[in-house]
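>>> Next come a sequence and a model predicted from it.
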2 protein chains.
Amino acid sequence: MIQELLGIEYPIIQAPMAGVQDHKLAAAVSNAGGLGSLPCAMLDTESLERELTALTQATDKPYNVNFFCHTPPESNSAVEGRWRAALLPYYEELGVDLIDIQGGAKRAPYNAQMAQVLARFQPPVVSFHFGLPSPTLMAQIRDWGGKIIATATTVDEALWLEQHGVAAIIAQGVEAGGHRGFFLSHDITTQVGTFALVPQIVAAVSAPVIAAGGIADAQGVQAVMALGAAGAQIGTSYLLCDEANTSDVHRSALQSENAQHTALTNLFSGGPARGIVNRLMRELGPMSAEAPPFPLASDAMTPLRKAAEATGSGDFSPLWAGQNTSGCQRVTAGTMTRRLAGVESTT
Amino acid sequence: MIQELLGIEYPIIQAPMAGVQDHKLAAAVSNAGGLGSLPCAMLDTESLERELTALTQATDKPYNVNFFCHTPPESNSAVEGRWRAALLPYYEELGVDLIDIQGGAKRAPYNAQMAQVLARFQPPVVSFHFGLPSPTLMAQIRDWGGKIIATATTVDEALWLEQHGVAAIIAQGVEAGGHRGFFLSHDITTQVGTFALVPQIVAAVSAPVIAAGGIADAQGVQAVMALGAAGAQIGTSYLLCDEANTSDVHRSALQSENAQHTALTNLFSGGPARGIVNRLMRELGPMSAEAPPFPLASDAMTPLRKAAEATGSGDFSPLWAGQNTSGCQRVTAGTMTRRLAGVESTT
């Protein structure tokens, strides 16, 4: 049972969502009996320490910290030049200077420096996206009794994760918001719906499976349980919660008709991620061959995003959301967690 | 309750699958208590009459006949020329003459001639893909008490169908095998997973919703019921059944590792349809800008398919399948129907 494995009351895992939440959302979910998650992929070691301090002061329940395990690509000036050229008309329109392009919030893979910070806090659960870190880094987590869980988007990835000894597997269906966690193949046609993915992974592995993608409410949780999942990881439904840092443009997009239409896009980071279709995605196409590889595309996008958001526009913002935004509610994360668990009614 | 509406024992609808089945599969499913479906989109009126005669001799239970409602495009010789040029290397490799390209099995939209044949049989259920026929043609079906059901791939399409008075809506998630039934938009990013589609359509319409896409077994049926569906439409799991006409190359692909990897492809008909990735899809890319619009791409493909299949190769065949082939079993369609309904165990 996933509740025993992770030390939680309900089989509800709040999906880590870098950029829209910090320790406050994670603590609220953990305090309500789910597993709150702190997205750490964009934190430097100082911020990581600060967030973990705040999180552990705010809850004494189990929580999850999430990291990326991508292999950072080399920056290539020709690729970068083509990307800036593609964005140049927008720089001109918004009056942004190319000189404003700076290394912004970085996405570094899990490393020894982060591990050193973690070792002081010994988080009970550590989740990984885009594969797993080195055996040495994994052994360190197990040494303090930390449970390692990780994302699979195909049966092959689930088998690979099980061979590498994860405690549970997150089966990420293509409905999910944010970045696809794929790591064995980057062929987008390998990415399948939750309905196809969950039962096939459940049949292939013996580790417990946590379903993700398109789960919006208690009925969705019941449905993935029927497919053999041991738990459900939910992100999108938490985006309007009081404790989330979701921006104003993001909140209003989630509450508009536009939220019906999401797409996988590589424009904001270089890696395919699901968000609400906005002007940039419409004009360049959601997947662009000009975008540098993950995570390099984001540097040139950041000044455009900032300039547009300053005028109240989400035209250049990553409006991450899954295909099912019908569960979004302006409630506390505790209420949302209990509703997802089916122990508190929606009305 | 969908069982009362359609006069069936179990909420299991066998998906109509043109090209791989005839009345035999439909009769077997209906006789077992599900709703068998006869795919009629590729039948001329003579074949339609013959199939309906055989079907009504083989079962006295309710059954469904399925038609397409696309608007046939004009043939364009420039487009056709580019398509033949793209395929030319394969014609040379397989020793096929361009002269062998003939109008093959046509896909005509539902029309007055077909309606005339139907009127003699008065099928209890008529389902439509790619929208609906004219109000006159619909009224005729209702006059004999026929129930009209149709495919929606988005909430907008479901609302449109309900406004046009369908008795039930088939919510086709992107996991589904065969042709996408979309008709209001042809933007492929509007096509979402079953997990996202079903609850949102259930919330938007008052008509009963039949879920389709990725449902492979009784657990899958239970899961869509948890999402609010009234019934489940299943195609892929029936493909290996004794009564299906699935070709040898198709059957062996379904039972191979390759079945794990499907993609939406327009190479075989011009319209996006999900099938197992084969050599042609790998080499031209599953979606080609050179393919003429639906259904015109198929004429030039047919001789290649025939030549390849004659040597036991499925390299040029549409190997239609959904993203979840784990439910395929070499059993009778009656056994499959009872297993899907959860009244007969799988082992």
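Right, received. Where do you want to start?
>>> show me where pLDDT drops low in chain A?
A:100, A:102-105, A:347 (pLDDT under 70).
>>> Kindly recompute the last result at 50.
Judged against pLDDT under 50, chain A has no low-scoring part.
>>> In it, what residue spans correspond to strands?
A:12-14, A:36-39, A:63-68, A:125-129, A:147-152, A:168-172, A:178-179, A:209-212, A:231-234, A:262-265, A:273-276 (DSSP state E).
>>> Mind putting the ones you listed into TSV with distance to residue B:329?
The way it works is simple: take the backbone N, C-alpha and C, and place the C-beta from them, glycine included. Output for the strands of chain A, formatted as TSV (distance: least, Cβ to Cβ, whole Å):
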stretch	distance to residue B:329
strand A:12-14	33
strand A:36-39	39
strand A:63-68	39
strand A:125-129	35
strand A:147-152	25
strand A:168-172	23
strand A:178-179	36
strand A:209-212	23
strand A:231-234	29
strand A:262-265	33
strand A:273-276	34
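>>> between those strands, which one is nearest to residue B:120?
strand A:262-265 (46.7 Å; Cβ to Cβ).
>>> is chain B contacted by that closest one?
Yes: contact of strand A:262-265 with chain B (Cβ under 8 Å from any Cβ of the partner chain) involves A:262-264.
>>> which helices and strands does that strand pack with?
strand A:273-276 (3 or more Cβ pairs under 8 Å, 6 or more residues apart in numbering or on different chains; DSSP states H and E).
>>> Need the strands of chain A in TSV (columns: mean neighbour count and distance to residue B:1).
Shown next, in TSV, are the strands of chain A (neighbours: other Cβ atoms under 10 Å in any protein chain shown; distance: least, Cβ to Cβ, whole Å):
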stretch	mean neighbour count	distance to residue B:1
strand A:12-14	29	31
strand A:36-39	28	41
strand A:63-68	27	42
strand A:125-129	26	42
strand A:147-152	26	38
strand A:168-172	27	32
strand A:178-179	26	39
strand A:209-212	30	28
strand A:231-234	28	28
strand A:262-265	24	33
strand A:273-276	24	35
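>>> of all the residues of strand A:262-265 next to chain B, which comes closest to residue A:75?
Distances from residue A:75 to these, taken by Cβ to Cβ, are shortest for residue A:264, at 23.7 Å.
>>> Surely that closest one touches residue A:271?
No: here residue A:264 does not reach residue A:271: they are 9.6 Å apart, not a contact under Cβ atoms under 8 Å.
>>> residues shared between the contacts of those two?
With contacts taken as Cβ atoms under 8 Å, 6 or more residues apart in numbering or on different chains, residue A:264 and residue A:271 have residue A:180 as neighbours in common.
>>> Same question for the longest helix anywhere in chain A: list its buried residues.
Across chain A, the longest stretch assigned as helix under DSSP state H is helix A:77-94. Neighbour counts over helix A:77-94 (16 or more other Cβ atoms under 10 Å in any protein chain shown) mark A:79-80, A:82-84, A:86-87, A:90-91, A:94 as buried.
>>> Stretch A:129-147 too?
A:129-133, A:137-138, A:140-141, A:146-147.
>>> All the helices of chain A, residue numbers only.
A:2-6, A:23-31, A:45-58, A:77-94, A:112-121, A:135-143, A:155-163, A:194-204, A:218-226, A:248-254, A:279-284, A:298-310, A:333-341.
>>> closest one to chain B among those?
helix A:194-204 (3.1 Å; Cβ to the nearest Cβ).
>>> mind checking how far the closest one is from the chain centre?
Taking Cα atoms, centre = their mean, to the nearest Å, one finds helix A:194-204 lying 20 Å from the centre of the chain it belongs to.
>>> Stretch A:312-332 now?
13 Å.
>>> circling back to that earlier point, out of the residues of strand A:262-265 next to chain B, flag the one nearest to chain B.
Chain B lies nearest to residue A:263 out of the residues of strand A:262-265 next to chain B, by Cβ to the nearest Cβ, at 3.9 Å.
>>> and that closest one, how far is that from residue A:38?
Distance from residue A:263 to residue A:38, counting by Cβ to Cβ, to the nearest Å: 28 Å.
>>> Then residue A:241?
Residue A:241 sits 15 Å away from residue A:38, going by Cβ to Cβ.
>>> what do you get for residue A:315?
In terms of Cβ to Cβ, residue A:315 sits 29 Å off from residue A:38.
>>> same question, residue A:130
Residue A:130 is 17 Å from residue A:38, by Cβ to Cβ.
>>> swap in residue A:149?
Taking Cβ to Cβ, one finds residue A:149 at 14 Å from residue A:38.
>>> again with residue A:335
Taking Cβ to Cβ, one finds residue A:335 at 20 Å from residue A:38.
>>> Tell me, how many residues neighbour residue A:327?
Using other Cβ atoms under 10 Å in any protein chain shown, residue A:327 is surrounded by 24 other residues.
>>> Once you drop chain neighbours, what's closest to it?
Closest residue to residue A:327 apart from its sequence neighbours, by Cβ to Cβ, 6 or more residues apart in numbering or on different chains: residue A:216 at 3.0 Å.
>>> Pretty sure that neighbour sits against residue A:237.
Yes: with contact defined as Cβ under 8 Å, residue A:216 counts as touching residue A:237 (5.3 Å).
>>> Between those two, which contacts overlap?
Common contacts of residue A:216 and residue A:237 (Cβ under 8 Å, 6+ apart): A:327-328.
>>> interface residues of the stretch 201-347 of chain A facing chain B?
Checking the stretch 201-347 of chain A against chain B by Cβ under 8 Å from any Cβ, the hits are A:203, A:213-217, A:219-220, A:222-224, A:226-228, A:260-264, A:277, A:286, A:322-324, A:326.
>>> Buried subset of these as a ChimeraX selection?
Of these, the buried ones go into a single ChimeraX selection, burial set by 16+ other Cβ under 10 Å:
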select /A:213,214,215,216,217,219,220,222,223,224,226,227,228,260,261,262,263,264,277,286,322,323,324,326
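>>> OK, contacts around the closest residue to residue A:206 other than its chain neighbours?
Spatially, and ignoring its direct neighbours in sequence, residue A:206 is nearest to residue A:162 (7.2 Å; Cβ to Cβ, 6+ apart). Residue A:162 sits next to A:169, A:205-207 when contact means Cβ under 8 Å, 6+ apart.
>>> separation between residue A:38 and residue A:59?
From residue A:38 to residue A:59 the distance is 11 Å (Cβ to Cβ).
>>> swap in residue A:299?
For residue A:299, the distance to residue A:59 - Cβ to Cβ - is 34 Å.
>>> who has more neighbours, those two?
Taking other Cβ under 10 Å, residue A:299 and residue A:59 do not tie; residue A:299 has more neighbours (21 against 18).
>>> on that earlier part again, same list (the buried residues of stretch A:129-147) but as TSV, adding distance to residue A:282.
Output for the buried residues of stretch A:129-147, formatted as TSV (distance: Cβ to Cβ, whole Å):
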residue	distance to residue A:282
A:129	27
A:130	28
A:131	32
A:132	36
A:133	37
A:137	41
A:138	42
A:140	45
A:141	42
A:146	43
A:147	42
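>>> Go through those and name the one nearest residue A:1.
residue A:147 (13.3 Å).
>>> Name the nearest residue to the closest one, sequence neighbours excluded.
residue A:167 (4.3 Å).
>>> For burial, what's the neighbour tally of the one you found?
Neighbour count for residue A:167, taken as other Cβ under 10 Å: 17.
>>> ok, it touching residue A:150?
No: at 9.3 Å, residue A:167 and residue A:150 do not qualify as touching, with contact defined as Cβ under 8 Å.
>>> Look up how far residue A:92 lies from residue A:98.
10 Å.
>>> Write out the residues of the stretch 51-200 of chain A neighbouring chain B.
So the stretch 51-200 of chain A meets chain B at A:154-156, A:173-175, A:189-190, A:192-197, A:199-200 (Cβ under 8 Å from any Cβ).
>>> residue contacts, residue A:247?
Per Cβ under 8 Å, 6+ apart, neighbours of residue A:247: A:20, A:309, A:314, A:317.
>>> so the second one makes contact with residue A:253?
No: with contact taken as Cβ under 8 Å, residue A:309 and residue A:253 are classed as non-touching, separated by 11.7 Å.
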